[in-house]
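A.B. asks: how would this look folded up:
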Amino acid sequence: MRAATNNLNKKPNLLSKENNMPQSTQTNIVEKPNLLDIVAWICAAVSLFPFAVWLFGEVSRSRQLSDALTISVCICVAVAMDAAVRLHKPKLGRRALAFLGLAYAAVLASPYCGIASMPLGMAGLSLFLMAAGFACTDKPRFVFAAGVAFYAFLMLSLFISAFDMPLRALAGNISVGILKLANPSAMLVSLPEYPPQIGMIVNSKNYLVAAECNGFGLISSCATLSVFFAALSKAPIRDRLILALLGVLTAVAANALRIVAIVTIAPHFGKEYYMAVHEACGYFFFALALLAVWKTGRAKIALGRRSQSPDGS
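C.D. replies: Numbers count the residues shown, from 1 in each chain. Prediction:
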């Protein structure tokens, strides 16, 4: 009788992990990573170290890339705080283990893939960071979106040199097209220099469409942000692709308007304040484009949530 009473009065330990943790989580998480798990993480990090060094070198050499990476990281942190993403002790669950295995596969296959070796290595770096995110957070969709956006940024950074002149020509042509609406004499010219340069003639004044005018930092920032929101959204694939494309088009338009504003406004302030106005116009349109992409992405996610709610509200 006493034993039965003790069993009835015995209360479950509500602080124990077994009682508080969902059943699916209990089966999906390895509570105490063994030595083999730790070695797997360390070996993956070491094998991906050359790709991380390459990325650091590219970001260090390019102010546009460094600005884009800094802005993208800050925005991801802001979204993480808004989404209440919480960090916890690393737990190697099935999802984290699968992505870690994919990272290994990408790195091991990259030396044998010729021209695709670098993109494959960058995919391995992204997959490794996603595996770490899955192991340390409770928001897999956010981790996946951040990983996809990071890979998009890596791919853009691979082609910064190849995109330089085409983006300069595109920015110059769009800017001259806008300027011709008020000033028909505006024109785009090729300067006889080596390496080849692109110039603009507006109101009998010559302007150089320099490397910083290609808008690569703005385009890569907006592209990374729009890809992040597209991956985070639960919309159909077509709508996600449109959202990512809108981010790029917004950046291209903002960069062209930035050039128009500089050419139109800066000369009125004289040589003393020309560069200050130049920078002010650049940051203004940079912020405007990022705000537009941010608002569009957040609106798309909110619309998707409302459409999935039972009452549609």
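A.B. asks: flag the shaky bits of the chain, pLDDT-wise.
C.D. replies: 1-34, 36, 194, 304-313 (pLDDT under 70).
A.B. asks: what sits against the residue nearest the centre of it?
C.D. replies: The residue lying closest to the centre of the chain (C-alpha atoms, centre = their mean) is Thr224, at 3.2 Å. With contacts defined as C-beta atoms under 8 Å, 6 or more residues apart in numbering, Thr224 is in contact with 68, 72, 149-150, 152-153, 156. Every residue, glycine included, has its C-beta placed from N, CA and C.
A.B. asks: for the stretch 101-250 of the chain, which segments count as strands?
C.D. replies: 187-191, 197-202, 205-209 (DSSP state E, counting those that start in this stretch).
A.B. asks: quick check: longest helix of this protein.
C.D. replies: Ranked by number of residues, the top helix in the chain under DSSP state H is helix 270-308.
A.B. asks: for that one, packing partners?
C.D. replies: Helices and strands touching helix 270-308, by 3 or more C-beta pairs under 8 Å, 6 or more residues apart in numbering; DSSP states H and E, are helix 63-82, helix 216-232, helix 237-265.
A.B. asks: run the angle between it and helix 63-82 for me.
C.D. replies: Counting by axes from the mean of the first three to the mean of the last three C-alpha atoms, to 10 degrees, helix 270-308 lies at 40 degrees to helix 63-82.
A.B. asks: check the strands of the stretch 101-250 of the chain for me and report the most buried one.
C.D. replies: strand 197-202 (a mean of 18; mean count of other C-beta atoms under 10 Å).
A.B. asks: how far away from the center of its chain is that one?
C.D. replies: The chain centre lies 32 Å from the centre of strand 197-202; the measure is C-alpha atoms, centre = their mean, to the nearest Å.
A.B. asks: can you check what angle separates that strand from helix 237-265?
C.D. replies: Going by the same axes, to 10 degrees, strand 197-202 makes 60 degrees with helix 237-265.
A.B. asks: pull up the pairing partners for strand 197-202, direction included.
C.D. replies: strand 187-191 (antiparallel), strand 205-209 (antiparallel) (DSSP bridges).
A.B. asks: Val252: which of those strands is closest?
C.D. replies: Val252 lies closest to strand 205-209 among those, at 14.2 Å (C-beta to C-beta).
A.B. asks: Leu288 is in contact with Leu218, correct?
C.D. replies: No. Using C-beta atoms under 8 Å, Leu218 is not in contact with Leu288, being 10.1 Å away.
A.B. asks: the more surrounded of those two?
C.D. replies: Leu218 (24 against 14; other C-beta atoms under 10 Å).
A.B. asks: can you pull the contacts of the more buried one?
C.D. replies: Listed by C-beta under 8 Å, 6+ apart, the contact partners of Leu218 are 68, 251, 254-255, 258, 285-286, 289.
A.B. asks: with Ala292 instead?
C.D. replies: Shown in contact with Ala292 (C-beta under 8 Å, 6+ apart): 250, 254.
A.B. asks: please repeat the previous calculation with a cut-off of 10 Å.
C.D. replies: Going by C-beta atoms under 10 Å, 6 or more residues apart in numbering, Ala292 touches 222, 246-247, 250-251, 253-254.
A.B. asks: re the thing from before, common neighbours of Leu218 and Leu288, please.
C.D. replies: 250, 254, 258.
A.B. asks: what about the second one, distance to Leu181?
C.D. replies: In other words, Ala254. 18 Å (C-beta to C-beta, to the nearest Å).
A.B. asks: more neighbours: which of these two?
C.D. replies: Per other C-beta under 10 Å, whichever of Ala254 and Leu181 has more neighbours is Ala254, with 23 against 9.
A.B. asks: could you list the domains of this structure?
C.D. replies: Listed by automatic domain parsing, the domain ranges of the chain are 27-158, 161-303.
A.B. asks: before we move on, the earlier item: top of the contacts of Ala292 by number of neighbours, please.
C.D. replies: Going by other C-beta under 10 Å, Cys222 tops the contacts of Ala292 with 30 neighbours.
A.B. asks: now do that residue against Leu246, distance only.
C.D. replies: With C-beta to C-beta as the criterion, Cys222 and Leu246 are 9 Å apart.
A.B. asks: got any residues that touch both of the two?
C.D. replies: Counting by C-beta under 10 Å, 6+ apart, the residues touching both Cys222 and Leu246 are 292-293.
A.B. asks: on that earlier part again, TSV for the strands paired with strand 197-202, including distance to Ala131?
C.D. replies: Below are the strands paired with strand 197-202 laid out as TSV (distance: least, C-beta to C-beta, whole Å):
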stretch	distance to Ala131
strand 187-191	48
strand 205-209	42
